[in-house]
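Novice: sequence and predicted model, in that order:
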Amino acid sequence: MIKIYHNNRCSKSRIGLKLLEDSGKEFQVVNYLENTPDANELKKMISMLGIKPIELVRKNESIWKENFKNKKLTDAEIIDLMVQNPKLIERPIVINGNKAVIGRPSEKIIDIL
């Protein structure tokens, strides 16, 4: 089952959701601000994305800029920060089987459908 980690207030996330709707495929929407992935789920997503935890962080969020921007953090600390502050998680994330993408640009989503 295809899964999208979605924030309805984000235009890029809404575009990603529309692409999934238009695909005609079944998918599950996870509002990650309300249903935040735990550390293990984030680790799995990061592994599927083939990135480092810091690459999943929204660095323009005020939480990040004001509190963490210039700090030396471990991968585990960054993951914990995203669990505690889900606004820091880049979006949308789309998972299809063992493939995952961050839908920026949104065309990346089409590549895994």
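Specialist: Nice, thanks for sending it over.
Novice: tell me the contacts of residue 92?
Specialist: For residue 92, the contacting residues are 4, 5, 6, 7, 10, 12, 13, 16, 17, 102, 103, 109, by Cβ atoms under 8 Å, 6 or more residues apart in numbering. Quick note: C-beta positions are derived from backbone N, CA and C, even for glycine.
Novice: just residue 20 next, same as before
Specialist: 2, 4, 27, 94, 109, 113.
Novice: before we move on, back to that, now flag whichever of the contacts of residue 92 is closest to residue 83.
Specialist: residue 5 (13.1 Å; Cβ to Cβ).
Novice: so the closest one, which state does it fall into?
Specialist: Look at residue 5: counting by DSSP: H, G, I helix; E, B strand; the rest coil, its state is strand.
Novice: quick check: it vs residue 35, distance?
Specialist: Distance of residue 5 to residue 35, given as Cβ to Cβ, to the nearest Å: 9 Å.
Novice: got it, and residue 110?
Specialist: For residue 110, the distance to residue 35 equals 25 Å [Cβ to Cβ].
Novice: what of residue 92?
Specialist: 14 Å.
Novice: equivalent analysis for residue 66, please.
Specialist: Distance, residue 66 to residue 35, by Cβ to Cβ: 26 Å.
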